[in-house]
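Student: Mind looking at a prediction? Sequence and model below.
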Amino acid sequence: MVGGSPTFPVHARRADVECSPGTCVFWDAGYANKLQDLQFKPASLLLTRVISKPGPNRLCLDLGHKAVGSEMPHPRVVLLNLEDARAVTHS
């Protein structure tokens with residue numbers, strides 16, 4: 001066994017290696033930007049709710065800490081129909 005999911009395209013070219021790309025089905029949106037050669041397509045959607053509007057052009061969402069881990073850099077999610085939205089913080 002060699003590599004990890006991000007090295008899948010490299011090892012997939014080797015005839016003598018059986019590949020298993022791991023858990024990439026559940027990766028966050030950042031991987032689609034970083035690994036564009038893998039041509040990721042969304043496999044799932046998360047529902048959220050607006051908790052508050054603390055200011056103009058600002059929403060506070062309850063997406064769930066376990067649904068989207070805060071350890072990876074932004075962007076971790078893509079908000080449908082809010083393509084220009086950007087994350088400010090995640091806790």
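Tutor: It's in.
Student: Give me the distance between the two termini of stretch 55-63.
Tutor: Stretch 55-63 has its terminal residues 19 Å apart, counting by CA to CA, to the nearest Å.
Student: Show me which residues of that stretch are buried.
Tutor: By neighbour count on 16 or more other CB atoms under 10 Å, the buried set for stretch 55-63 is Leu63. Quick note: C-beta positions are derived from backbone N, CA and C, even for glycine.
Student: so what are the domain limits for the chain?
Tutor: 5-38, 45-91 (automatic domain parsing).
Student: Output those as a markdown table; include the columns mean pLDDT.
Tutor: A markdown table is the format used below for the domains of the chain (pLDDT from 0 to 100):
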| stretch | mean pLDDT |
| --- | --- |
| domain 5-38 | 74 |
| domain 45-91 | 85 |
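Student: what ranges do the strands span in the protein?
Tutor: 49-55, 58-62 (DSSP state E).
Student: a markdown table please, covering those and showing distance to Val88.
Tutor: A markdown table is the format used below for the strands of the chain (distance: least, CB to CB, whole Å):
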| stretch | distance to Val88 |
| --- | --- |
| strand 49-55 | 10 |
| strand 58-62 | 7 |
